[in-house]
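**Q** Quick one, structure for this:
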Amino acid sequence: MIRYRLICKKQHEFDGWFRSSSDFDEQAETGGVTCPVCGSSKVQKALMAPAIPKKGKSRKPVPAPDEAAERVSMMVTKLRNHVEKNFDYVGDRFAEEARRIHYKETPRRDIYGETTLEEARELVEEGVEVAPLPGLNRPKAN
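**A** All right, here's what the predicted structure looks like:
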């Protein structure tokens with residue numbers, strides 16, 4: 001697995017993991033890599049400085065790709081479980097509720113739900129703080 005520092009057309013930086021350099025290239029060409037902040041599919045590799053240890057200092061071993069993937073999967077599951085347990089599920093009314101909270105038409109509360117990519121982009125353009133919830137689609141908590 002290769003980790004790239006990526007940047008979207010709106011200058012949001014984030015990390016992405018890929019099986020190979022060509023895997024990134026193929027996904028980027030087809031719009032398969034999107035910014036987690038704004039949803040833009042215009043993404044490219046950002047400039048990265050190599051991590052070179054100082055003389056006499058050893059680097060911590062990098063976890064094997066399978067181990068790293070398992071750690072990420074566990075963190076995503078924990079995040080999703082936390083959101084499902086502590087946030088209000090608003091279903092397909094997410095964009096409407098997020099706007100109402102942002103414009104102080106209703107008391108502030110943490111919510112999650114579904115929206116289209118276009119609605120999510122509009123929310124970001126309006127300054128409404130939103131983020132995709134990673135993880136597999138599964139039945140929502142009641």
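**Q** List the buried residues for the lowest-mean-pLDDT helix or strand in the chain?
**A** Using mean pLDDT, DSSP states H and E, the weakest-scoring helix or strand in the chain turns out to be helix 65-86, at a mean of 84. Across helix 65-86, burial judged by 16 or more other Cβ atoms under 10 Å covers 80, 83, 84. Placement of C-beta: from N, CA and C, glycine included.
**Q** got the residues you listed as TSV, with distance to residue 107 columns?
**A** Below are these laid out as TSV (distance: Cβ to Cβ, whole Å):
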residue	distance to residue 107
80	24
83	19
84	21
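**Q** Let me know the closest of those residues to residue 112.
**A** residue 83 (5.3 Å; Cβ to Cβ).
**Q** these two touch, right, the closest one and residue 131?
**A** No - contact criterion Cβ atoms under 8 Å: residue 83 and residue 131 do not qualify, at 10.1 Å.
**Q** Backbone dihedrals for residue 88, please?
**A** phi -80, psi 130 (degrees, to the nearest 10).
**Q** now swap in residue 43 and tell me
**A** phi -130, psi 140.
**Q** What is the neighbour count of it?
**A** Neighbour count for residue 43, taken as other Cβ atoms under 10 Å: 22.
**Q** Skipping its backbone neighbours, what lies nearest it in space?
**A** In this structure, residue 43 finds its nearest non-sequential neighbour in residue 33, 4.7 Å apart by Cβ to Cβ, 6 or more residues apart in numbering.
**Q** Helix or strand next in line after the least confident helix or strand of the chain, which one?
**A** Of the helices and strands lying after helix 65-86 in sequence (DSSP states H and E), the nearest is strand 88-91.
**Q** Name the SS class of the residue positioned nearest the centre of the chain, please.
**A** Centroid check for the chain by Cα atoms, centre = their mean gives residue 36 as the closest residue, at 3.7 Å. Using DSSP: H, G, I helix; E, B strand; the rest coil, the structure places residue 36 in coil.
**Q** Was I right to think it contacts residue 124?
**A** No - if you go by Cβ under 8 Å, residue 36 and residue 124 don't touch, sitting 11.1 Å apart.
**Q** picking up where we left off before, list the contacts of the residue nearest to the centre of the chain.
**A** 12, 14, 131, 132 (Cβ atoms under 8 Å, 6 or more residues apart in numbering).
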